[in-house]
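> when you get a sec, could you give me coordinates for this:
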Amino acid sequence: MSIARLQFATELFFWACVAGLVYSYALYPLAIWVCARLFGRRPSPPEQSTDSELPHVSVLIAAYNEEAVIADRIENALLLDYPASKLEIVIASDGSTDATNAIVKRYDDPRLRLLEYDVRQGKASILNASFPQLHGDIVVLSDANTDMDPMAVRNLVRWFQTPTVGIVCGRLVLIDPEKGTNVDGLYWRYETFLKDCESRLGALLGANGAIYAIRRKLYAGIRRNTLIDDFVVPLLTRLRTGCSIEYDAEALAFEETPAAMAAEFKRRARIGTGGFQSLPVLSTLLNPAWGWISFTYFSHKIARWCCPFFLIGTFAASLLLAGQHPYDILLAAQIGLYAVAGAGTRLTSPGPASKCLRLTTLFAGMNLALLVGFWRWVTTEPHGAWSRTARP
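Below is the predicted model of the structure:
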């Protein structure tokens with residue numbers, strides 16, 4: 001290959017990688033916003049049912065060594081505005097070795113049940129084992145570190161009056177702890193915006209493990225090593241049954257973000273591994289016959305998971321083209337971006353300027369976590385067990 005052709009190929013590769021990044025983080029949000037307003041509609045939930053018409057509900061909380069938060073979680077769940085005779089709160093303890101089980105057993109409330117598993121199996125296996133033991137027609141899944149709004153369950157279940165609805169995702173609000181260095185809440189608002197737009201097109205991608213509901217009869221089980229059940233369960237259910245996935249912004253749950261970004265990295269890497277792990281399972285969604293959800297799955301997930309490789313490709317091509325305008329400037333800009341991202345890990349002040357700088361850290365950290373997740377996916381056999389993410 002001649003030098004001129006090699007030069008052209010390298011430049012083409014560089015701009016292709018840049019285009020992938022720009023599309024994923026900027027053009028897709030713009031495109032989905034435009035499409036949602038031109039072709040979509042905001043789904044309208046049915047009116048709230050009377051207490052006598054409400055379905056029986058099981059709130060299922062998988063827990064592993066949650067002694068620090070499980071009492072608060074139970075107290076919050078017991079305050080849900082839902083008829084006591086139609087509500088059960090089930091704590092599925094996945095081989096907990098701390099005081100989690102003992103704390104649950106202290107409560108003398110007919111709504112509360114403990115499913116105690118002696119051997120740690122992982123969340124996917126716990127869900128598979130627990131669903132057949134639930135009594136509710138609707139199952140609301142949540143986490144041990146989540147607080148739910150008292151009206152959350154009522155808001156979720158009203159959608160199930162429509163027979164075609166199979167999954168309903170609530171809205172998770174992330175709360176930054178005081179003086180925390182994590183700006184995950186800013187990114188989460190960006191993701192919530194995308195979720196709202198995708199919902200208008202009937203193309204919602206998964207749910208959030210903190211708050212989503214499913215018809216119990218539609219749950220068919222997942223592979224025991226599944227890492228991101230709240231993504232796989234809704235989409236597999238839709239693929240299998242054709243049901244709709246709805247989003248209710250009024251069904252609220254609240255979680256604190258970890259005070260430091262470093263505490264999130266392990267969780268993000270695990271989610272990254274789970275995303276790549278789900279590719280063979282959900283590849284059917286790339287078929288254009290699925291309509292809008294094929295578009296959102298490719299753009300919001302596949303393209304996003306490719307961004308670490310786009311970043312590597314951009315940097316590598318810049319090195320090969322160094323000394324040529326404008327690639328020398330673009331190389332310096334990338335080095336500067338990564339330097340700022342590294343500096344952001346040491347910033348502790350809560351001011352607006354620091355938060356803006358730490359956005360670069362968030363961006364770089366997310367993509368590094370995805371890269372680590374990819375490496376784990378290709379080199380190891382993932383297992384479904386999880387560890388708590390430390391929070392204030």
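> pLDDT below threshold where in the stretch 201-350 of the chain?
Within the stretch 201-350 of the chain, the segments meeting pLDDT under 70 span 258-263, 347-350.
> in it, which spans are strands?
212-215, 244-256 (DSSP state E, counting those that start in this stretch).
> what's the most buried one of these?
strand 212-215 (a mean of 26; mean count of other C-beta atoms under 10 Å). For every residue, glycine as well, the C-beta is placed using N, CA and C.
> note down every partner strand of that one and its orientation.
Sheet pairing for strand 212-215, assigned by DSSP bridges, gives strand 138-142 (antiparallel), strand 165-175 (antiparallel).
> tabulate those strands in CSV, adding columns for mean pLDDT, mean neighbour count and distance to Ile302.
Below are the strands paired with strand 212-215 laid out as CSV (pLDDT from 0 to 100; neighbours: other C-beta atoms under 10 Å; distance: least, C-beta to C-beta, whole Å):
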stretch, mean pLDDT, mean neighbour count, distance to Ile302
strand 138-142, 98, 25, 25
strand 165-175, 92, 22, 20
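> out of these, which gets nearest to Leu27?
For Leu27, the closest of the strands paired with strand 212-215 is strand 165-175, at 24.8 Å, according to C-beta to C-beta.
> okay, the angle between that closest one and strand 244-256?
20 degrees (axes from the mean of the first three to the mean of the last three C-alpha atoms, to 10 degrees).
> now for Trp238: which residues touch it?
Trp isn't right for residue 238; it's Arg. Listed by C-beta atoms under 8 Å, 6 or more residues apart in numbering, the contact set of Arg238 reads 166-167, 244-245, 293.
> quick revisit: now the strands of the stretch 201-350 of the chain as a markdown table including distance to Ser125?
Formatted as a markdown table, those follow (distance: least, C-beta to C-beta, whole Å):
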| stretch | distance to Ser125 |
| --- | --- |
| strand 212-215 | 17 |
| strand 244-256 | 24 |
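> and of those, who's closest to Ile228?
strand 212-215 (12.4 Å).
> ok, and what's touching that closest one?
Here strand 212-215 has contacts from 57, 137-141, 153, 156-157, 160, 166-170, 230, 233-234, 237, 243, using C-beta under 8 Å, 6+ apart.
> burial check on Phe13, number of neighbours?
16 (other C-beta atoms under 10 Å).
> which strands and helices lie in contact with the helix or strand hosting it?
Element membership of Phe13, judged by DSSP states H and E, is helix 3-22. Packing partners of helix 3-22 (3 or more C-beta pairs under 8 Å, 6 or more residues apart in numbering; DSSP states H and E): helix 303-320.
> off-centre distance for the helix it packs on?
Centre-to-centre, helix 303-320 and its host chain are 24 Å apart (C-alpha atoms, centre = their mean, to the nearest Å).
> what comes up buried for that helix?
Judged by neighbour count using 16 or more other C-beta atoms under 10 Å, the buried positions of helix 303-320 are 303-308, 310-311, 313-315, 317-318, 320.
> and these, which two are the farthest apart?
Arg304 and Leu320 (25.8 Å).
> next, give phi and psi for the most centrally placed residue in the chain.
Closest to where the C-alpha atoms of the chain average out (C-alpha atoms, centre = their mean) is Asn208, at 5.1 Å. Dihedral angles of Asn208 (phi, psi; degrees, to the nearest 10) stand at phi -130, psi 130.
> in this structure it contacts Val168, no?
No. Applying C-beta atoms under 8 Å as the test, Asn208 and Val168 come out as separate, 11.4 Å apart.
> okay, now Tyr28: neighbour count?
When neighbours are counted by other C-beta under 10 Å, Tyr28 comes out with 20.
> help me confirm that it is found in a helix?
Yes. Secondary structure of Tyr28 (DSSP: H, G, I helix; E, B strand; the rest coil): part of a helix.
> quick check: it vs Val22, distance?
According to C-beta to C-beta, to the nearest Å, Tyr28 and Val22 sit 9 Å apart.
> top helix in this structure by residue count?
The residue-count maximum for a helix in the chain (DSSP state H) belongs to helix 352-379.
> who does that helix touch, helix- and strand-wise?
So helix 352-379, by 3+ C-beta pairs under 8 Å, 6+ apart, packs with helix 184-200, helix 262-282, helix 303-320, helix 327-344.
> for those, which one sits closest to Leu127?
It's helix 262-282; of those, that one is closest to Leu127 (C-beta to C-beta) at 14.1 Å.
> for the closest one, which positions count as buried?
Result for helix 262-282 [16+ other C-beta under 10 Å]: buried residues 263-265, 268-278, 282.
> could you point out which element follows the host helix or strand of Glu116?
Glu116 belongs to strand 112-117 when assigned by DSSP H and E. Beyond strand 112-117 in the direction of the C-terminus, DSSP H and E gives the next helix or strand as helix 123-130.
> any idea of the angle that next one forms with strand 112-117?
Interaxial angle of helix 123-130 relative to strand 112-117 (the same axes, to 10 degrees): 120 degrees.
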